[in-house]
Structure formats: C-alpha cells, structure tokens
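Novice: got a sequence here, can you model it:
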Amino acid sequence: MKKFKTFFYGIYILYFFFSSFIAFNYENIVLHWDWDWISTWTGLIRLVLQMGVVGVILFLTEIIVENIHLATKRSKIKSLEKEVTDLKAKLYDKSNEPAEPEPKPEPTEEKKEEDSQSPASE
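Specialist: Next comes the predicted model:
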C-alpha cells in the first residue's frame, strides 16, 4: 500500500502544482496566447471544471484502493485472531488436564537384595 500512496501523493502534488500554476498565471497565459477576454473566462471555467473532474477521479481512485487494502487487512487480522484464540484454548485445555502420574521405576536387583537383607538383619 505504501507504493500506491506514494504514487497517488506524487500525482496529487503534480496536480496541485499544475492547478496553482494555472490559478496564479492565467492572466499571463491569456496574454501570451492572445485570447479574447470572453472566450478566456469560459475557457478558464471549462479548464477548472475539467481539472475538478480529474481531481475527483484521482480522489475516488485512492479511496477505493485504500478501502480494498483495509478490507484485506481486516480479514487477515480476523483470521489471525481466530488462530490465536484457538491456540490459547488448546493451551488452556492442556494445562487443565490432570498430570499423568509418572510410573514408579521398578526396583533393580541390587535394591531388591538390599531391601530383602535389611529386614532380615534386624
């Protein structure tokens, strides 16, 4: 998404500079191209409307792309949250299981002999 934002912001900056240039220099542009005053204002109004349409299209495109990106991120977050919840449930179930008693080691032959000799000697 960072690539898209950088791309859109670059286009917005260029669009803003172009609009600012036209707004501040329209009189010089008109004088340079020697347009008639009436056609100049109507031409300027058409240009402003066209630039407004382009700006709206750019803005809507960015909103659509960001919403698609957010929707994919939300679905990924929900799936990861579900996975975390399942893992916590498994861990809780495992911690509540009674511990299996460790089997007592069978006495070795040496211990059997010692046990059998100790009571006899008393």
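Novice: hey, let's count contacts and neighbours off CA atoms from now on
Specialist: Fine.
Novice: can you list contacts of stretch 45-57?
Specialist: Tyr15, Ser19 (CA atoms under 8 Å, 6 or more residues apart in numbering).
Novice: er, stretch 7-20 actually
Specialist: Against stretch 7-20 from outside (CA under 8 Å, 6+ apart): Met51, Gly55, Leu58, Glu62.
Novice: between which two of the residues you listed is the distance greatest?
Specialist: Met51 and Glu62 (16.6 Å; CA to CA).
Novice: and the contacts of stretch 7-20, which is closest to Lys90?
Specialist: Nearest member of those to Lys90, counting by CA to CA, is Glu62, at 42.1 Å.
Novice: in space, what's closest to that closest one - neighbours in sequence excluded?
Specialist: What sits nearest to Glu62 in space, not counting adjacent residues and going by CA to CA, 6 or more residues apart in numbering, is Phe8, at 6.9 Å.
Novice: so is the one you found in a helix, a strand, or just coil?
Specialist: Following DSSP: H, G, I helix; E, B strand; the rest coil, we place Phe8 in the helix state.
Novice: average model confidence for the helix or strand harbouring Leu87?
Specialist: Leu87 is part of helix 37-96 when elements are defined by DSSP states H and E. In this model, helix 37-96 has a mean pLDDT of 85.
Novice: make 42 the first number, not 1, from now on.
Specialist: Got it, first residue is 42 now, which makes that one helix 78-137.
Novice: buried residues, the host helix or strand of Leu55. List them.
Specialist: Leu55 belongs to helix 43-74 when assigned by DSSP H and E. Using 16 or more other CA atoms under 10 Å as the test for burial, helix 43-74 gives Phe49, Tyr56, Ser60, Ile63, Val71.
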